[in-house]
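# take a look and give me a structure for this.
(2 chains)
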There are 2 protein chains.
Amino acid sequence: MNSIDGIIALLSKLPGIGKKSAGRLAYHILESDRSFARLLSEQLASLHDSIRHCSMCGSWTESEPCPICADSTRDTALLCVVERSQDVRVIEESREFRGRFHVLGGLIAPLEGINPDDLAIGSLVRRVRQEHIAEVILALNPTVEGDTTSLYIQKMLQNSPVTITRLASGLPVGGDLEYADRLTLSRSFRGRTKMGA
Amino acid sequence: MNSIDGIIALLSKLPGIGKKSAGRLAYHILESDRSFARLLSEQLASLHDSIRHCSMCGSWTESEPCPICADSTRDTALLCVVERSQDVRVIEESREFRGRFHVLGGLIAPLEGINPDDLAIGSLVRRVRQEHIAEVILALNPTVEGDTTSLYIQKMLQNSPVTITRLASGLPVGGDLEYADRLTLSRSFRGRTKMGA
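Numbering: from 1, shown residues only, chains lettered A, B, ... in the order given. Model (predicted):
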């Protein structure tokens, strides 16, 4: 296998990149200035070394704690629970939310062997108690797994003096939070509903 | 700018990769085993050093001449002219053609400032004379630029004792050779027509 084939094989392992797309990317890189390949190579090499999970919220970060957890201007009474680290980025870009985050690291999916114990739910319950959280906003995908996880978290927090809300179903059912546009996401935040009401 | 933002910025410069796709790719790499990022990094770093243009046909290669030009079992009387190096790969995968290649490095496009002198047309004319080529197959995209270039090459070779053909219009007009499926490409080879007939 030569270098181009090697690059194409690696790139086609990425999500949404088929063999033909990988070919286009590889030749594009080859025909671009070599500084582009060098930069991308360097950043990939250092990626895992420079990034770790924030000890507070669990999102990917270069500093400890992450810039959001360290930001004293954020509303510490508001906690937004998300499935993955990239959801934090999406929500931050909507500029709708000024509290802090808690990353679960997945959703409950018994068929795939993902149980509550595999997720950062225990640490969520501890944070809610220790950090005097007034409101927990569940910003999980509106899917079966997202709803199951929301209900489970609601049950785990029912003895805590905290309001639990979830995002309004402005998000299309069955969709992925990552693909929501800014406006839809803003509306979901504004129309968030109290759970168990 | 942190590491993830850096990777996303670089990846979104690739063709067909928008900002959201770049985000998906970056997080996928981050959440994959770190050996994947390391491998991709290494291959990117060495790509430009290990790959050069074949001195005979002009396609990207790691050896000199390229494996196709060096292959003595190929029909040296047949020469297939393509726009870009990746077209060689597409045609090789169709397994329809057993001759050799000549890569032009582009198509004539005066509005974009690409003139015949910028392409490997002079060397094509020399090869046709020196290598006793019997047939030149023009496998250029069926676009205005492809047709212009085909006609120009036909004119340049009109005093050479060589048959000039071009791929049958099994390819959809205005389309891109790279996206042709194997069957369409096979049919285009079999139904190739003689130019100026």
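
# helix or strand with the lowest mean pLDDT in chain A?
For chain A, scoring each helix and strand by mean pLDDT, DSSP states H and E identifies strand A:193-194 as the least confident one, at a mean of 66.

# from chain B, how far out is A:Asp147?
23 Å (Cβ to the nearest Cβ, to the nearest Å). To be clear about C-beta, it is placed using only N, CA and C from the backbone, and glycine gets the same treatment.

# which residue packs closest to that residue, ignoring adjacent ones?
Once flanking residues are discounted, A:Asp147 sits nearest to A:Leu140: 7.8 Å by Cβ to Cβ, 6 or more residues apart in numbering or on different chains.

# with only the CA atoms kept, save the helix or strand containing A:Gly6 in PDB.
A:Gly6 is located in helix A:3-11, with elements delineated by DSSP states H and E. Extracted as PDB, the C-alpha positions of helix A:3-11 are listed here (Å, rounded to 0.1, in the frame of the first residue of the first chain):
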ATOM      1  CA  SER A   3       1.200   6.700   0.900                       C
ATOM      2  CA  ILE A   4      -1.900   7.900  -0.900                       C
ATOM      3  CA  ASP A   5      -3.700   4.600  -0.400                       C
ATOM      4  CA  GLY A   6      -2.700   4.700   3.300                       C
ATOM      5  CA  ILE A   7      -4.100   8.200   3.800                       C
ATOM      6  CA  ILE A   8      -7.300   7.300   1.900                       C
ATOM      7  CA  ALA A   9      -7.800   4.200   4.000                       C
ATOM      8  CA  LEU A  10      -7.400   6.200   7.200                       C
ATOM      9  CA  LEU A  11      -9.600   9.100   6.100                       C
END
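
# what is the burial count for the residue lying closest to A:Ala109 once chain neighbours are set aside?
Using Cβ to Cβ, 6+ apart and skipping the chain neighbours, the partner closest in space to A:Ala109 is A:Glu145 (4.9 Å). The tally of other residues near A:Glu145 (other Cβ atoms under 10 Å in any protein chain shown) stands at 18.

# could you look up the SS state of A:Glu145?
helix (DSSP: H, G, I helix; E, B strand; the rest coil).

# contacting residues for it?
Neighbouring residues of A:Glu145 by Cβ atoms under 8 Å, 6 or more residues apart in numbering or on different chains: A:107-109.

# any idea how far it is from chain B?
Distance from A:Glu145 to chain B, counting by Cβ to the nearest Cβ: 17 Å.

# now a PyMOL select for only the buried ones of the contacts of A:Glu145.
Burial among the contacts of A:Glu145 is assessed by 16 or more other Cβ atoms under 10 Å in any protein chain shown; the matching PyMOL selection reads:
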select buried, chain A and resi 107+108
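
# circling back: number of residues surrounding the residue nearest to A:Asp147?
23.

# confidence score at it?
Per-residue pLDDT puts A:Leu140 at 87.

# wait, it touches A:Gln154, no?
No: using Cβ atoms under 8 Å, A:Leu140 makes no contact with A:Gln154, being 11.4 Å away.

# pLDDT below threshold where in chain A?
Counting by pLDDT under 70, chain A shows low-confidence ranges at A:1, A:169-175, A:177-178, A:183, A:187-188, A:191-197.

# what ranges do the strands span in it?
A:52-53, A:60-61, A:78-82, A:100-103, A:135-138, A:163-166, A:193-194 (DSSP state E).

# centre of the chain to the helix holding A:Gly6, how far?
Offset of helix A:3-11 from its chain centre (Cα atoms, centre = their mean, to the nearest Å): 29 Å.

# same check, this time on stretch A:176-185
Its chain's C-alpha centre and that of stretch A:176-185 lie 13 Å apart, by Cα atoms, centre = their mean.

# do stretch A:123-140 as well
Centroid separation for stretch A:123-140 versus its chain: 16 Å, with Cα atoms, centre = their mean.

# repeat that for stretch A:122-131.
Counting by Cα atoms, centre = their mean, stretch A:122-131 is centred 19 Å from the centre of its parent chain.

# show me which parts of the lengthiest helix in chain A are buried, residue by residue.
Across chain A, the longest stretch assigned as helix under DSSP state H is helix A:34-50. Neighbour-count burial for helix A:34-50 flags A:36-37, A:39-41, A:43-45, A:47-48 (criterion: 16+ other Cβ under 10 Å).

# go on, stretch A:5-18?
Using 16+ other Cβ under 10 Å as the test for burial, stretch A:5-18 gives A:6-8, A:10-12, A:14, A:17.

# wait, what's in contact with A:Phe189?
Going by Cβ under 8 Å, 6+ apart, A:Phe189 touches A:94, A:96-97, A:137, A:167-168.

# same thing but at 7 Å, please
For A:Phe189, the contacting residues are A:96-97, A:167, by Cβ atoms under 7 Å, 6 or more residues apart in numbering or on different chains.

# same deal with A:Gly58?
Contact partners of A:Gly58, counting by Cβ under 7 Å, 6+ apart, are A:102-103, A:105, A:120.

# cool, and A:Glu83?
Contacts for A:Glu83 (Cβ under 7 Å, 6+ apart) come out as A:104, A:106-107, A:140-141.

# let's see it at 10 Å
A:103-107, A:119, A:139-141, A:143, A:145-146, A:149, A:176-178 (Cβ atoms under 10 Å, 6 or more residues apart in numbering or on different chains).

# now the buried members of these.
Burial by neighbour count, judged by 16+ other Cβ under 10 Å, picks out A:103-107, A:119, A:139-141, A:143, A:145-146, A:149, A:177-178 from the contacts of A:Glu83.

# tell me which two of these sit farthest apart.
Farthest-apart pair in the buried ones among the contacts of A:Glu83 is A:Leu119 and A:Glu178; separation 18.5 Å (Cβ to Cβ).

# show me the domain layout of chain A.
Taking automatic domain parsing as the criterion, chain A consists of the domains A:3-50, A:53-194.

# quick one: which of those domains is nearest B:Arg74?
Among the domains of chain A, domain A:3-50 comes nearest to B:Arg74, with 19.7 Å by Cβ to Cβ.
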